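In: Quick one, structure for this:
(one chain, ligands or ions: 2)
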Amino acid sequence: MSISYSIRHATHPNDSKSYDTAKLRETFLIENLFQENTIQAVYTMHDRLIVGGAQPVEQPLKLETLPTLRSEHFLDRRELGIINIGAESTVSVDGDVITLANKEALYVGKGVKEVVFHPAASGKTLFYFNSAPAHHAYPTKKVSLDEAETVEMGSLENSNHRLIRKLLINSVVETCQLQMGLTELQKGSVWNTMPAHTHDRRMEAYLYFDLPEDQVVSHFMGEPQETRHLFVKNNQAVISPPWSIHSGAGTYNYSFIWGMAGENLDYNDMDKVQPVDLK
Ligand SMILES: O=C(O)C(=O)C[C@H](O)C(=O)CO
Ligand SMILES: [Zn+2]
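Out: Ligands and ions are numbered 1, 2, ... in the order given. The predicted model follows:
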């Protein structure tokens, strides 16, 4: 089987207060999502989101079901969002071949039987995906950057000038609970998601990418008055529980993919925390 996965249990905020660096990293950081010729996945018990990476090189990789799903196919009771962070490549969905350029997204609905990731004709193929439980079958839909809802946020003065590209969001595509998009820090800006926020209704996962291999992002997490940090490298992901802020400052320009699942599809449902109130 070309897919490997592990399970991460959900964490109570009081529990995580006493975690040392190693425990914090092993609970919330996903380090090796992209490995040649495999699909890597982490099944988090926070809203049962699956965070995955597919890197086909020599042959196509089929998204096989996981033993823990107890379903014949991966998507029998799930929906899937894919964002291409590598070279232009294709994904086939029940035989239909869909081309995704860099930063393009694909929503795949519940009930699809076969999803296959294909290697690019040239360049590195890297598909990032999130999957959440689903109770309705919505159609498969590709979303290009032009079709995304894009908002400009922050300013260079606040070191947080950025473009938020809402790709798989309810104004663009129908989903059950999944939302995904990507945020691009503009040159000279290093801070994402400042002011920070929590949203008890949804958990979130962040994948940091387009970061030089020798640079890092310090990702801030934890309850707003009990914060911790994780140093994150290129192509690594962080699980953000619903009670946790999720924000970061990098040593270099970067982009990140955010994905959410939970109670609602309201992107703007956030409890913002002003910088001076963080501890
Ligand atoms: O830079 C930002 O601000 C974001 O990208 C925020 C994320 O989209 C998010 O946390 C949505 O809840
Ligand atoms: Zn958020």
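
In: so what strands line up beside the host helix or strand of Thr150?
Out: Counting by DSSP states H and E, the element that carries Thr150 is strand 149-153. Strand pairing for strand 149-153, using DSSP bridges, gives strand 162-168 (antiparallel).

In: now check whichever helix or strand comes after the strand it pairs with, is it near ligand 1?
Out: Using DSSP H and E, the helix or strand that follows strand 162-168 in sequence is strand 179-185. Yes. Using Cβ under 6 Å from any ligand atom, strand 179-185 reaches ligand 1 at Thr183. All C-beta atoms are positioned from the backbone trio N, CA, C, and that covers glycine.

In: Repeat that for stretch 101-119.
Out: No. Stretch 101-119 is not in contact with ligand 1 by Cβ under 6 Å from any ligand atom; minimum separation 14.0 Å.

In: Report the distance from the strand holding Thr150 to the chain centre.
Out: A distance of 18 Å separates the centroid of the chain from that of strand 149-153, by Cα atoms, centre = their mean, to the nearest Å.

In: Next: stretch 120-140.
Out: The chain centroid and the centroid of stretch 120-140 are separated by 11 Å under Cα atoms, centre = their mean.

In: First-to-last residue distance for it?
Out: 21 Å (Cα to Cα, to the nearest Å).

In: Kindly report the same for stretch 172-179.
Out: Terminal residues of stretch 172-179 are spaced 10 Å apart (Cα to Cα).

In: Give the buried residues for the strand holding Thr150.
Out: Neighbour-count burial for strand 149-153 flags Met153 (criterion: 16 or more other Cβ atoms under 10 Å).

In: residues in contact with it?
Out: Applying Cβ atoms under 8 Å, 6 or more residues apart in numbering, the external contacts of strand 149-153 come out as Asn160, His161, Arg162, Leu163, Ile164, Arg165, Lys166, Ile169, Ser171, Val172.

In: what's the angle between that strand and strand 179-185?
Out: Counting by axes from the mean of the first three to the mean of the last three Cα atoms, to 10 degrees, strand 149-153 lies at 40 degrees to strand 179-185.

In: Show me which residues of the stretch 151-279 of the chain are close to ligand 1?
Out: Within reach of ligand 1 by Cβ under 6 Å from any ligand atom, the stretch 151-279 of the chain has these residues: Met153, Arg162, Ile164, Thr183, Asn192, Thr193, His199, Glu204, His246, Trp258, Met270.

In: Tell me the spacing between the fifth one and Tyr19.
Out: What it means is Asn192. 23 Å (Cβ to Cβ, to the nearest Å).

In: who's more crowded, the two?
Out: Asn192 (28 against 16; other Cβ atoms under 10 Å).

In: so which strand or helix has the closest residue to Val97 other than its chain neighbours?
Out: Using Cβ to Cβ, 6 or more residues apart in numbering and skipping residues adjacent in sequence, the residue nearest Val97 is Thr90, 5.1 Å away. Per DSSP H and E: Thr90 is located in strand 89-93.

In: Extract the CA atoms of the next helix-or-strand element following that strand and return them as CSV.
Out: Sequence order places strand 96-100 as the next helix or strand after strand 89-93, per DSSP H and E. What follows is the C-alpha trace of strand 96-100 in CSV, where atoms were taken according to Å, rounded to 0.1, in the frame of the first residue of the first chain:
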residue,chain,number,x,y,z
ASP,A,96,-12.0,12.0,-15.3
VAL,A,97,-8.5,13.6,-15.7
ILE,A,98,-8.3,17.1,-14.1
THR,A,99,-5.2,19.3,-14.6
LEU,A,100,-4.1,21.4,-11.6
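
In: hang on, the earlier thing: would you indicate which residues of the strand holding Thr90 are buried?
Out: For strand 89-93, using 16+ other Cβ under 10 Å, the buried residues are Ser89, Thr90, Val91, Val93.

In: what lines up beside it in the sheet?
Out: Strand 89-93 has these partner strands in its sheet, going by DSSP bridges: strand 96-100 (antiparallel), strand 115-117 (antiparallel).
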